[in-house]
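*Asks:* the following block contains a protein sequence and its predicted model.
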Amino acid sequence: MQTEIAIIGAGMAGLACARRLARAGHTPLVLDKGRGIGGRMATRRVIMDDGDISFDHGAQYLTVRDPDFAADLHNLGAACVRWDDGADSLRLVGVPGMSGLPRAMAAGLNVRLGAQITAVRAKFDRWQLYIDAARIETRHLVMTVPAPQAAALLGDGHPLHHRIAGVAMAPCLTLMAAFPADAPRPFRSRAADDHPLAWIAQDSSKPGRAGTLTTWVAQASVEWSERHLEDTSEIIASRMLPILAEVIGVAPQSAVYAATHRWRYARTVTPLGEPFLCSEDGTLHIGGDWCLGARVEAAWASGTAIADTILEQTGSF
Ligand SMILES: Cc1cc2nc3c(=O)[nH]c(=O)nc-3n(C[C@H](O)[C@H](O)[C@H](O)COP(=O)(O)OP(=O)(O)OC[C@H]3O[C@@H](n4cnc5c(N)ncnc54)[C@H](O)[C@@H]3O)c2cc1C
């Protein structure tokens, strides 16, 4: 299969890039190994006896500084709304879950899910992407996967490999727990860097969430996550649930649902310091949040900057 522009990653960076290119008349092919769109802007849906519930187990909210990002979000209408968790700054969330925002962004784009790229190779003036036995050839290749995964795909022989290797990303272990509707709800969100649960959010307090249960998402600190990264999910849940229960003032055994998610590459600790990397011949662009920071907006800025460069190269501005 042949395409002009292929983008690996259907997270915020890949989608921002694809939308910008599509608006200028291109038809990029977006490939993602996941079952859903959005990458770390993720929402897990759980079917319970008395109705579905959901958890934003990746990005919790997004903040906006760049007016162009604000305009892009504005165009997505009701997919993104304010969450009043008591913070001074404006915090936005996707509806009906965080993944609702990237899903709205993907409307009309050519996105192929369940497509894990196992290798990329440059051949003459094209890039070859391998998905199991299948091969896709593209003129322009955009990679928007987390830095360690980009480095692995590129291989240590590539001249850009050492640039990516300087980026550091930290893991995050995340607990999703649901309690009865009348369980205590002492706060909507809580950040505490010196606590094993560095972030706790009452997910059910976000607008447009399904179900009547009280749902919580707790993220372990970097230190705690690194220490328990290789524990089994059961052990992680058995350790995190009592800590959460103590903070919110409930009995751990009153939880009607508890599960964990292991993000190996959650947060950028040392960013690249520029919006993207580009190969000497201009056919390979590598980006993602890790280029500029640890936020959804950093991912958008990276993907958008890549699209603008490709549009300049192809004279389609
Ligand atoms: C627990 C957690 C909490 C966070 N909280 C916040 C927050 O509150 N506010 C905020 O602004 N940011 C937050 N972030 C960060 C935010 O989620 C990211 O900055 C942003 O979503 C990154 O987008 P991205 O497109 O760069 O990467 P990703 O979203 O990681 O997208 C990369 C995509 O590439 C795909 N991929 C990887 N390898 C391959 C391959 N070989 N083949 C095909 N596809 C591949 C992945 O499946 C993924 O979908 C949080 C992140 C985590 C994990």
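*Replies:* Looks like it arrived, so ask away. Numbering: from 1, shown residues only.

*Asks:* could you check how many residues crowd around the nearest residue to residue 160 once chain neighbours are set aside?
*Replies:* In space, and not counting its chain neighbours, residue 160 is closest to residue 277: 5.1 Å by C-beta to C-beta, 6 or more residues apart in numbering. C-beta here means a position set from N, CA and C on the backbone, and glycine is covered the same way. The number of residues packed near residue 277 is 21, by other C-beta atoms under 10 Å.

*Asks:* surely residue 277 meets residue 161?
*Replies:* No: using C-beta atoms under 8 Å, residue 277 is not in contact with residue 161; the gap is 10.0 Å.

*Asks:* next one: the residue nearest in space to the middle of the chain from residue 158, what distance?
*Replies:* Centroid-nearest residue in the chain: residue 40, 2.0 Å away (criterion: C-alpha atoms, centre = their mean). Applying C-beta to C-beta, to the nearest Å, the value for residue 40 to residue 158 is 25 Å.

*Asks:* what pairs with the top strand by length along the chain, parallel or antiparallel?
*Replies:* For the chain, the longest strand by residue count, based on DSSP state E, is strand 257-270. Neighbouring strands of strand 257-270 in its sheet, by DSSP bridges, are strand 168-179 (antiparallel).

*Asks:* give me the number of residues near residue 69?
*Replies:* Residue 69 has 18 neighbours, counted by other C-beta under 10 Å.

*Asks:* you'd agree it is in a strand?
*Replies:* No: membership of residue 69 in a strand is not supported by DSSP: H, G, I helix; E, B strand; the rest coil, which gives helix.

*Asks:* enumerate every residue touching it.
*Replies:* Contact partners of residue 69, counting by C-beta atoms under 8 Å, 6 or more residues apart in numbering, are 297, 300-301.

*Asks:* ok, now with 6 Å
*Replies:* By C-beta atoms under 6 Å, 6 or more residues apart in numbering, the contact list for residue 69 reads 297, 300.

*Asks:* for the ligand, see how far away it is.
*Replies:* 11 Å (C-beta to the nearest ligand atom, to the nearest Å).

*Asks:* ok, residue 98 next?
*Replies:* 8 Å.

*Asks:* same thing with residue 80?
*Replies:* Going from residue 80 to the ligand by C-beta to the nearest ligand atom gives 12 Å.

*Asks:* quickly list what that residue is bridged to.
*Replies:* residue 94.

*Asks:* tell me how far it lies from residue 74.
*Replies:* Distance from residue 80 to residue 74, by C-beta to C-beta: 8 Å.

*Asks:* what does residue 62 give?
*Replies:* Distance from residue 62 to residue 74, by C-beta to C-beta: 13 Å.

*Asks:* those two - which one has more neighbours?
*Replies:* Between residue 62 and residue 74, counted using other C-beta under 10 Å, the more crowded position is residue 62 (23 against 11).

*Asks:* the residue nearest to the centre of the chain touches residue 58, doesn't it?
*Replies:* Yes: here residue 40 reaches residue 58: they are 4.1 Å apart, a contact under C-beta atoms under 6 Å.

*Asks:* for the residue with the largest distance to the centre of the chain, give me the backbone phi and psi.
*Replies:* Going by C-alpha atoms, centre = their mean, the residue of the chain most distant from its centre is residue 124, 32.9 Å out. Main-chain dihedrals, residue 124, degrees, to the nearest 10: phi 50, psi -120.

*Asks:* list the contacts of it.
*Replies:* Residue 124 touches nothing, counting by C-beta under 6 Å, 6+ apart.

*Asks:* picking that back up, in contact with the residue nearest to residue 160, which residues?
*Replies:* Contacts for residue 277 were tallied using C-beta under 6 Å, 6+ apart; they are 160, 163, 286.

*Asks:* what parts of the protein come near the ligand?
*Replies:* 8-14, 31-34, 39-41, 58-62, 115-117, 144-146, 149, 153, 172, 174, 219, 263, 266-267, 288-289, 294-296, 298-299 (C-beta under 6 Å from any ligand atom).

*Asks:* list only buried entries from the residues you listed.
*Replies:* 8-14, 31-33, 39-41, 58-62, 115, 117, 144-146, 149, 153, 172, 174, 219, 263, 266-267, 288-289, 294-296, 298-299 (16 or more other C-beta atoms under 10 Å).

*Asks:* now this protein, which segments are flagged as low pLDDT?
*Replies:* Applying pLDDT under 70 to the chain flags residues 317.

*Asks:* tell me where the longest helix sits in it.
*Replies:* If you go by DSSP state H, the chain has its longest helix at helix 296-313.

*Asks:* return the set of buried residues in that helix.
*Replies:* So, applying 16+ other C-beta under 10 Å, buried residues of helix 296-313: 296-311.

*Asks:* what ranges do the helices span in the stretch 51-200 of the chain?
*Replies:* 67-75, 100-105, 147-154, 161-165 (DSSP state H, counting those that start in this stretch).

*Asks:* export those as TSV, with columns for distance to residue 133.
*Replies:* Shown next, in TSV, are the helices of the stretch 51-200 of the chain (distance: least, C-beta to C-beta, whole Å):
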stretch	distance to residue 133
helix 67-75	37
helix 100-105	29
helix 147-154	18
helix 161-165	26
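
*Asks:* no more questions from me, cheers.
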